[in-house]
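Enquirer: return atomic coordinates for the entry below.
(one chain, ligands or ions: 1)
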Amino acid sequence: MNFEENLLSYLPKDVVKGILGAQQKERVNSLILNTRKIKSEDFVALFPKVKKHPFINNVFTYDKNDYQFGKSWLFDNGVIYLIDTSSLLVSYLLSTEKQLVDYFESKKHLLGLDMCSAPGGKLISFLLSSTSINFEFIANDLNFKRVIELEKNVERQGFDNVIIANNDLEKIDSNFENTFDLIILDAPCSGSAMFRKNEQALKERSMNKVLKFQSIQKRLLSSAIKMLNKGGFISYSTCSFSKEENEDVILDIIKSHPDIEVIDLSNNKQFYRHSSLPQAIHLFPNLYQGEGQFICILHKKGVRQERQLKKSNKSTQYDNILKELNLSFLNTKLINEEIFANNNIIDLSKLNVIKPGLDIGTYNKGIFTPSFHLAHFLDSTSSIKLNEEEFKSYLHGDQIKKELNLKNGFYTVSYLDINLGYTKYVNGQLKNFYPKGLRH
Ligand SMILES: C[S@@+](CC[C@H](N)C(=O)[O-])C[C@H]1O[C@@H](n2cnc3c(N)ncnc32)[C@H](O)[C@@H]1O
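Expert: Got it, this is the predicted structure:
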């Protein structure tokens, strides 16, 4: 069965025609703003040709001939994240559906898991919404190379509530039974929504492939249900249009899990609902401007136990550093000469952890060097402000001459009130600590 026949096996002819026609057109580029770094109106003033998304806050579409945001310092410094508007619907629903928002806002110390997280789009956009405020997240992916990209993306945004991990959770799910209050499962799939970008993917698509992905999706979803806390939610999404990877996966799994119910998502004429599972939504490129996505949210019945935090009050050899940075409230650990902070909300010993939270910096024989991640976590109130020329030199990796009435030492530097990283001020010179891979 080819792609078109597969669609025709469950969708009306006119819908299939619409999907295939829309896939011939140019794709739309979009981004989400980190409003902790820049206000929406300031961004629009800088880039007046961007267009506001019709209903998702702080999301803009743009023409690549006007702006090349992917190569810009704004991306490198986590001011923007480039993401397709269909992908954004996952975080949009997680942060606007009333049942979820009421739940997340009424609980403390929520623990989230993004099972297939890399490079981080769904999670990053959720963390940029205010609904995520009570969460600590584990962002996991099986593919190590992609995990490193995920790690960089989390660092740039400056999140302090994300633990990066690299595991096949299916194999260790029994360590985490009834643990996570929200699980994002953006499952690997045959990727119909990618066919516009990638003709090769369309050629290589086969029903065998679809069914192979279906079996992975069923296993991952079954693990997710096991690891989901009572009262918690799973968002299941794919960028496939085949019902085998979407409705069939959900309908099959709920048969054997009477404690799982499907949340009826808000209606919108841009969403397509199939009669076999009308609570879930499809985004098709002819109805909603984006590449396409299937989204279904599941809920586990039962009552969540309040989580108690194990705060460590132990004093450390670097207490004075945390005090100087006004970070004494953080729960920190020194691991291989690197200071990390997290809420100690989960026992990490059963996971292959790549980064256990906010990286504060290295501490070696009493010498502290703050990290790029920390510069992006902190706001720019006490940063050294660079003018346009100094900003360009900083991005280039140069030392900058600047006489300031400051003690020698480390400071964050900012441009337009956006932190770029650290500098070491030494007798009228700003030494450059901008990461080598980002210099241009
Ligand atoms: C659709 S992509 C995820 C995109 C990501 N959620 C985002 O929004 O940027 C699917 C991901 O699943 C990962 N993956 C595949 N099998 C996995 C498994 N068994 N456990 C964890 N991750 C897996 C792949 O490496 C890939 O990064």
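Enquirer: next, the distance between the ends of stretch 233-246.
Expert: Terminal residues of stretch 233-246 are spaced 17 Å apart (CA to CA, to the nearest Å).
Enquirer: so which bits of that stretch are buried?
Expert: 233-246 (16 or more other CB atoms under 10 Å). The way it works is simple: take the backbone N, C-alpha and C, and place the C-beta from them, glycine included.
Enquirer: just stretch 258-275 next, same as before
Expert: For stretch 258-275, by 16+ other CB under 10 Å, it's I260, V262, I263, L265, Q270, F271, Y272, H274.
Enquirer: for the fifth one, what are phi and psi?
Expert: When you say that, I think you mean Q270. Here is the backbone geometry of Q270 (degrees, to the nearest 10): phi -80, psi -10.
Enquirer: give the contact list for it.
Expert: Listed by CB atoms under 8 Å, 6 or more residues apart in numbering, the contact partners of Q270 are L283, L287, Y288.
Enquirer: cool, the third one as well?
Expert: Contacts here follow CB under 8 Å, 6+ apart; on that basis I263 touches E97, Q99, L100, F233, Q279, I297, L298, H299.
Enquirer: now, among those residues, which is nearest to the ligand?
Expert: I297 (15.4 Å; CB to the nearest ligand atom).
Enquirer: does the helix or strand hosting the closest one come close to the ligand?
Expert: Following DSSP states H and E, one finds I297 within strand 293-300. No - Strand 293-300 does not reach the ligand (CB under 6 Å from any ligand atom); its nearest approach is 10.0 Å.
Enquirer: check which helices and strands that strand sits against.
Expert: Packed against strand 293-300 by the contact rule (3 or more CB pairs under 8 Å, 6 or more residues apart in numbering; DSSP states H and E) you find helix 88-94, strand 228-238, helix 247-255, strand 260-262, strand 281-283.
Enquirer: and with 7 Å instead?
Expert: helix 88-94, strand 228-238, strand 260-262, strand 281-283 (3 or more CB pairs under 7 Å, 6 or more residues apart in numbering; DSSP states H and E).
Enquirer: any idea of the mean pLDDT in the last one?
Expert: This means strand 281-283. Averaged across strand 281-283, the pLDDT comes to 97.
Enquirer: please apply the same query to the third one.
Expert: Per-residue pLDDT values across strand 260-262 average out to 98.
Enquirer: tell me which strands that strand pairs with, and in which orientation.
Expert: According to DSSP bridges, strand 260-262 has the following sheet partners: strand 293-300 (antiparallel).
Enquirer: pull the next helix or strand after the partner strand out as PDB, backbone CA atoms only.
Expert: Next helix or strand after strand 293-300 toward the C-terminus (DSSP H and E): helix 319-324. What follows is helix 319-324, C-alpha atoms only, in PDB (Å, rounded to 0.1, in the frame of the first residue of the first chain):
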ATOM      1  CA  ASP A 319      29.600  27.700  49.500                       C
ATOM      2  CA  ASN A 320      31.200  31.200  49.200                       C
ATOM      3  CA  ILE A 321      31.000  31.000  45.400                       C
ATOM      4  CA  LEU A 322      27.200  30.100  45.500                       C
ATOM      5  CA  LYS A 323      26.700  33.000  48.000                       C
ATOM      6  CA  GLU A 324      28.500  35.500  45.700                       C
END
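Enquirer: in helix 319-324, which residues are buried?
Expert: Neighbour-count burial for helix 319-324, counted by 16+ other CB under 10 Å, picks out I321, L322.
Enquirer: pLDDT of it, averaged?
Expert: Across helix 319-324, the average pLDDT comes to 94.
Enquirer: over to stretch 184-203?
Expert: Stretch 184-203 comes out at a mean pLDDT of 82.
Enquirer: is that stretch in proximity to the ligand?
Expert: Yes - applying CB under 6 Å from any ligand atom, one finds stretch 184-203 in contact with the ligand at D186, P188.
Enquirer: got the contact list for the helix or strand of the chain with the lowest mean pLDDT?
Expert: None of the helices or strands of the chain scores lower by mean pLDDT, DSSP states H and E than helix 199-204, at a mean of 74. Residues from elsewhere that reach helix 199-204, judged by CB atoms under 7 Å, 6 or more residues apart in numbering: F3, G191, M194, F195.
Enquirer: before we move on, what about stretch 15-26?
Expert: So stretch 15-26 is contacted by E4, L7, L8, F195, R196, F241, F284, P285, N286 (CB under 7 Å, 6+ apart).
Enquirer: those residues of the stretch 1-150 of the chain touching the ligand, which are they?
Expert: Taking CB under 6 Å from any ligand atom as the contact definition, the stretch 1-150 of the chain meets the ligand at 87, 115-122, 141-143, 146.
Enquirer: buried subset of these as a PyMOL selection?
Expert: Typed into PyMOL, the next command selects the buried ones out of these (criterion: 16+ other CB under 10 Å):
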select buried, resi 87+115+116+117+118+119+120+121+122+141+142+146
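Enquirer: show me where pLDDT drops low in the chain?
Expert: 196-197 (pLDDT under 70).
Enquirer: domains in it, by residue range?
Expert: 3-300, 379-438 (automatic domain parsing).
Enquirer: buried stuff in stretch 403-421?
Expert: F410, Y411, T412, V413, S414, Y415, L416, I418, N419, L420, G421.
Enquirer: do stretch 63-78 as well
Expert: For stretch 63-78, by 16+ other CB under 10 Å, it's Y67, F69, W73, L74, F75, D76, N77, G78.
Enquirer: can you check stretch 370-390 too?
Expert: For stretch 370-390, by 16+ other CB under 10 Å, it's 370-378, 380, 383-384, 386, 390.
Enquirer: hang on, the earlier thing: quick check: angle from the strand holding I297 to strand 228-238?
Expert: Counting by axes from the mean of the first three to the mean of the last three CA atoms, to 10 degrees, strand 293-300 points 170 degrees away from the direction of strand 228-238.
Enquirer: centre of the chain to strand 293-300, how far?
Expert: 17 Å (CA atoms, centre = their mean, to the nearest Å).
Enquirer: what's the angle between it and helix 247-255?
Expert: 0 degrees.
Enquirer: hmm, who's touching strand 293-300?
Expert: Strand 293-300 is contacted from outside by 86-87, 89-90, 93, 97, 193, 228, 230-240, 246, 250, 259-263, 265, 277, 280-283, using CB under 7 Å, 6+ apart.
Enquirer: equivalent analysis for stretch 179-190, please.
Expert: By CB under 7 Å, 6+ apart, the list of residues contacting stretch 179-190 from outside reads 90, 107, 110-116, 122-123, 205, 209-210, 213, 216-217, 220-221, 224, 227-229, 232-240, 242, 245, 304.
Enquirer: all helices of the stretch 1-150 of the chain, in order?
Expert: Per DSSP state H, counting those that start in this stretch, the stretch 1-150 of the chain has helices spanning 3-8, 13-22, 40-46, 73-76, 88-94, 98-106, 121-127, 144-157. These are given in chain order.
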